[in-house]
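Q: Quick one: sequence and predicted model below, then my questions.
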Amino acid sequence: MRRITALAFAVLLFATPVRAAISYITRSQNNNSTSASNLVLTVPATAVANDLLLSFVESYDYNTVCPSQWIQLANTGCSSSGNTFFLNVCYRFATAGDPGSTYTWLNLAYSKGIIRVERGVDSGRPFRAVSGADATCVSIGAGLTIPALLPTGEPGDFYVGYWENAGATTTTGPGDLADTTADTTQWSTFEGDKTISLAGITPVAEAATGSSAVPWLGFAMTLRPSTSTIAPQQWGAASMPSTVCVPANCTNTTSSLATLQTNLTAASAGQQICFTGSGTLASDLTFGASGTAGNPISLCCMPGSTITGSTVNGINLSGRSYTSVYGCAESGATDSGIVTSGASSHHTIEYNTISGNGAGGIAINNSDYDIIEHNSVYGNAGTNASSFSGISLYEPIAFDSGAGIHNQIAYNASFSNLNPSGGTDGNGIILDTFSSNAYTGETVVHDNVNWLNNGACVKVYSAGVGAQNVIVSNDCYHNWQGNWSGTYRHEIEYELSADNPLIANNLLVPDPSILNNSGTGVMYDGGSGTPVIGNNVGGGVNFFFLEPPADLRELFGGSSIRAGVTTISSTPVYVPPLDAQGVPRPSAFDAGAYQYRGSVFSQP
């Protein structure tokens, strides 16, 4: 498990493409007038690849789930006089083979189904807002009002509303909707849409009425134009606030890497050394001295600058303490991107983008009191067979025995880190061999979003007696992508450790195609401690992500929503005050790294 670790920060960048208008194309419909039977719906022949297919299926006393390759938006029942009326809403984006093909909804009674085809919808993040995890229900009434949705995010957002009732007469829908269909076959239904031309407009509550008091269900959404101008979550250098590295605070500024090294060599406590250029290092970039408490020596890489690593490492903080590295886009070192070795302490590594280094991304060895936050770390550990990971703390040496948090790894994206043949790591984050120096400082790993790594999302290996490791509120998605022959493949792994870890409130989504990466995705093996492990949401539960794997914010109705806990078996659980987007966690909070923002979802 040994590694000469490197410290690197990476950002996941997204382009801002041109927006296109959304348009309704056509619909198809089918019904079944018998009990306990299947319902087959046909994709309209005029659909084309990348069209959004929206299905609305209603049934009497028998519920259903979406067919394979469809994603569920709502699945709810409305009870009346001993009977339950169900509405199931699903979606998928059409492929070239979809037009004219059929999909089957199983085990329904007296069912009716509709597929609407909408063109020009953002295929990565189709929904701006929806009317909740469940459809709106009125058990008995002459009409149904679907509540207002959250405001539109940009011009061209597209509203789609759907109403159904158990009556036999025509439903009268809202007069401001276009592309409407009112149909009384099997169930009375009404559907329609409208384009909202301005950003910041609240889609009003919309009502449909009928001629008698019957059960009603309804569902509405706003769709995001293809492609949206609203960028997804960002980490790393591109996400650095302008207040972190202020040009007026630079002790000196250069675009030359050779001069940058000269400036860092001469820097003293409290100075901020700034870099504005691009280039390839001839050797490791090093600091000439340590800072002091409250007066670190800071390296500030200004927006647009890049550093290509040397034939050894990129930025090397070995033997120095009280240092800070902000905003650096580093890549391509033979070994690690950012690294320390030898006793040191108090490193702050924030808002960096670290990628494509042969060994570790951010590798902190023999240190204490380290903050690693808001970095994007990806594609590292691909060539060095000594086993490295995206972010690692290895064999820490205590600066003191003080209480409280010593190390914090938070708000990072660590993804697609590799593992060459014969390696044993490739993890998103690893706390490695804390037992070596009898290290007992508290380390907290929270609000990280890790996906598609060749090893675990988060791994702890050989933590000693007295170590305090807390792993909470992280998102883990489809890790263990490496060609592993071993038995253990869980999203969070805790191996051969003697401490009493706390592992809670994490959102874990194992890849079902990978052997042994199943269940709730947590494994504690070979340890002699007493772990506190609980409330890690995962396995076969429902998730509704914006754009997995790169954007794991849940839309609505996912199993992590309001699933956070503050105690497990009377043990208090650390609850970070802010989530991965800087949103305060309320008293009723979510499992995982993100907070759902209300009864409907709207991405900022």
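A: Noted; the coordinates are in hand.

Q: which residues in the stretch 251-400 of the chain form helices?
A: Listed in chain order, the helices of the stretch 251-400 of the chain (DSSP state H, counting those that start in this stretch) span residues 257-266.

Q: Same question for the stretch 101-250 of the chain.
A: Counting by DSSP H, counting those that start in this stretch, one finds no helices in the stretch 101-250 of the chain.

Q: Measure how buried Gly294 is and give me the count.
A: Other residues near Gly294 number 8, with proximity taken as other CB atoms under 10 Å. Placement of C-beta: from N, CA and C, glycine included.

Q: next one: phi and psi at it?
A: phi 80, psi -10 (degrees, to the nearest 10).

Q: let's have the chain start at 19 instead
A: Got it, first residue is 19 now, which makes that one Gly312.

Q: Before we move on, what's the pLDDT of it?
A: Reported pLDDT at Gly312 in the predicted model: 96.

Q: Next one: it from Leu335, what distance?
A: With distances defined as CB to CB, to the nearest Å, the gap from Gly312 to Leu335 amounts to 18 Å.

Q: Spell out which residues make up each domain of the chain.
A: Residue ranges for the domains of the chain, per automatic domain parsing: 41-241, 254-590.

Q: Deepest in the core, which of those is it.
A: Here the criterion is mean neighbour count by mean count of other CB atoms under 10 Å, and of the domains of the chain the winner is domain 254-590, at a mean of 22.

Q: what distance separates the start and the end of that domain?
A: Across its full length, domain 254-590 reaches 32 Å end to end, with CA to CA, to the nearest Å as the criterion.

Q: Which residues lie in contact with the closest residue to Tyr340 other than its chain neighbours in this structure?
A: Here the nearest residue to Tyr340 in space, its sequence neighbours aside, is Gly309; by CB to CB, 6 or more residues apart in numbering that works out to 3.4 Å. Gly309 sits next to 287-288, 315-316, 339-342, 364 when contact means CB atoms under 8 Å, 6 or more residues apart in numbering.

Q: Met258 too?
A: With contact taken as CB under 8 Å, 6+ apart, Met258 is in contact with 321, 344-345, 368-369, 392.

Q: Could you pick out the longest strand of the protein?
A: When the chain is scanned for its longest strand (criterion: DSSP state E), the result is strand 224-241.

Q: Tell me the helices and strands packed up against that one.
A: strand 70-78, strand 89-98, strand 101-111, strand 145-148, strand 154-164, strand 175-183, strand 206-214 (3 or more CB pairs under 8 Å, 6 or more residues apart in numbering; DSSP states H and E).

Q: residues making contact with the fifth one?
A: Taking CB under 8 Å, 6+ apart as the criterion, the residues outside strand 154-164 that touch it are 94-98, 149, 165, 179, 181, 183, 223-238.

Q: and that strand, how far out from the chain's middle?
A: Averaging C-alpha positions (CA atoms, centre = their mean, to the nearest Å) puts strand 154-164 35 Å from its chain's average.

Q: That one - what's its average pLDDT?
A: Here the average pLDDT along strand 154-164 is 81.

Q: quick one, it and strand 175-183 angle?
A: Taking axes from the mean of the first three to the mean of the last three CA atoms, to 10 degrees, one finds strand 154-164 and strand 175-183 inclined to each other by 130 degrees.

Q: go on, the first one?
A: With the same axes, to 10 degrees applied, the angle from strand 70-78 to strand 175-183 works out at 20 degrees.

Q: mind listing what Gly174 touches?
A: For Gly174, the set of contacting residues under the criterion of CB under 8 Å, 6+ apart consists of 37, 39-40, 213-215, 243.

Q: where in the stretch 369-518 of the chain is pLDDT low?
A: Scanning the stretch 369-518 of the chain with the threshold set as pLDDT under 70 gives 501-506.

Q: What are the boundaries of the strands in it?
A: Using DSSP state E, counting those that start in this stretch, the strands of the stretch 369-518 of the chain run over residues 371-373, 380-383, 389-391, 394-396, 409-412, 423-428, 431-433, 447-450, 460-464, 467-469, 476-479, 486-490, 493-495, 510-513.

Q: possible to save those as TSV with distance to Leu596?
A: TSV is the format used below for those (distance: least, CB to CB, whole Å):
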stretch	distance to Leu596
strand 371-373	21
strand 380-383	21
strand 389-391	11
strand 394-396	18
strand 409-412	19
strand 423-428	9
strand 431-433	16
strand 447-450	19
strand 460-464	10
strand 467-469	14
strand 476-479	19
strand 486-490	13
strand 493-495	15
strand 510-513	21
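
Q: Quick one: closest of those strands to Ser55.
A: For the strands of the stretch 369-518 of the chain, the distance to Ser55 is smallest for strand 493-495, at 36.9 Å, taking CB to CB.

Q: All set, thanks.
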